[in-house]
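Trainee: Okay, structure incoming, though there's no sequence with it:
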Ligand SMILES: Nc1ncnc2c1ncn2[C@@H]1O[C@H](COP(=O)(O)OP(=O)(O)OP(=O)(O)O)[C@@H](O)[C@H]1O
Ligand SMILES: Cc1ncsc1CCO
Ligand SMILES: [Mg+2]
């Protein structure tokens, strides 16, 4: 991997592929995020479907390009659907992405998340506290919010990625994405994103869309999705508050041009 490959140019190229292919992303996600996540995928050119019933998830995965599993508003009935869907994705050779919302907050949540982690997602994306909890490190998740910085979670994320053979992404001011060896540092986004609920959930769904359209490197695709989402927030400029940012973000995901993407994507590598 060279620094040249992770650039605004490659982010734009992959995003065009997403728009051309319009991948169907099966989303099993929490009630809070459903609307914003579906709108994020639609604005960016993918095709969302929120399908969580355990009687349907396996058939749904057959027609989808990828799966997103988000445990934000968990209940035992949904857990079974998540497991069946992840197993179907694995059997069909389709990528699936896990958002371990609130890992570390309660034993029930952490245990459920760990049973999904054991099904080997292609990518895990969480905030720093969540990733530390998934990796078994001490720390506190404040409900669904982080109390740590991505750099605190990096070594844990690397070990987790190595152990599972997956990509781990820690979101924050600078997102850190690793396969256990390489680390991509994505410095896009604005702090106000933390004041919009489900911004993280939605970028995880965008990662699923980018990963299934990438021919090979899931690490690169994950970094590109995080960068594009961050740039869409940046170009919103001076907004009055979170509600305006949410609207601007969706509009920018729909309309951002190549020059903006190429000049603003900020990905550095530690190899
Ligand atoms: N301080 C910051 N500066 C710039 N961008 C940020 C900052 N903090 C988070 N982000 C961006 O905001 C998005 C959401 O990340 P965050 O870590 O807040 O997720 P989360 O805690 O899982 O959110 P949620 O649970 O509400 O979905 C990511 O795209 C991330 O890059
Ligand atoms: C606020 C909240 N609670 C459960 S899921 C969710 C969305 C952000 O993770
Ligand atoms: Mg989250």
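Mentor: Yep, it's here. The structure presented is a predicted model; accordingly, all values stated were derived computationally and were not measured. Ligands and ions are numbered 1, 2, ... in the order given.

Trainee: Find the nearest non-adjacent residue to residue 7, please.
Mentor: The spatial neighbour of residue 7 that comes closest, neighbours along the chain excluded (Cβ to Cβ, 6 or more residues apart in numbering), is residue 265 at 6.5 Å. Backbone N, C-alpha and C define where each C-beta goes, glycine included.

Trainee: and residue 261, what is it in contact with?
Mentor: Listed by Cβ atoms under 8 Å, 6 or more residues apart in numbering, the contact set of residue 261 reads 8, 11, 12, 15, 228, 231.

Trainee: Kindly recompute the last result at 7 Å.
Mentor: Taking Cβ atoms under 7 Å, 6 or more residues apart in numbering as the criterion, residue 261 is in contact with 8, 11, 12, 228, 231.

Trainee: Pipe the residues you listed into TSV and attach secondary structure and neighbour count per row.
Mentor: Supplementary listing: the contacts of residue 261 in TSV, determined by DSSP: H, G, I helix; E, B strand; the rest coil; neighbours: other Cβ atoms under 10 Å:
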residue	secondary structure	neighbour count
8	helix	21
11	helix	27
12	helix	20
228	helix	27
231	helix	24
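
Trainee: Of those residues, which is the nearest to ligand 2?
Mentor: Top of the list for closeness to ligand 2, among the contacts of residue 261 and by Cβ to the nearest ligand atom, is residue 228 at 20.2 Å.

Trainee: shouldn't that closest one be in contact with residue 11?
Mentor: Yes: between residue 228 and residue 11 there is a contact under Cβ atoms under 7 Å: 5.9 Å.

Trainee: Need the pLDDT of the closest residue to ligand 2 within the stretch 101-250 of the chain.
Mentor: Using Cβ to the nearest ligand atom, the point where the stretch 101-250 of the chain gets nearest to ligand 2 is residue 144, with a distance of 4.0 Å. According to the prediction, residue 144 has pLDDT 96.

Trainee: How about residue 62?
Mentor: Per-residue confidence (pLDDT) for residue 62: 98.

Trainee: Kindly tell me how buried it is, as a neighbour count.
Mentor: 11 (other Cβ atoms under 10 Å).

Trainee: So which residues on the stretch 1-150 of the chain come close to ligand 3?
Mentor: residue 101 (Cβ under 5 Å from the ion).

Trainee: from the stretch 1-150 of the chain, which residue is nearest to ligand 3?
Mentor: The minimum distance from the stretch 1-150 of the chain to ligand 3, using Cβ to the ion, falls at residue 101 (4.6 Å).

Trainee: secondary structure element for the closest residue to ligand 3 within the stretch 51-200 of the chain?
Mentor: Closest to ligand 3 within the stretch 51-200 of the chain is residue 200: 3.6 Å, counting by Cβ to the ion. Assigned by DSSP states H and E, residue 200 belongs to helix 199-213.
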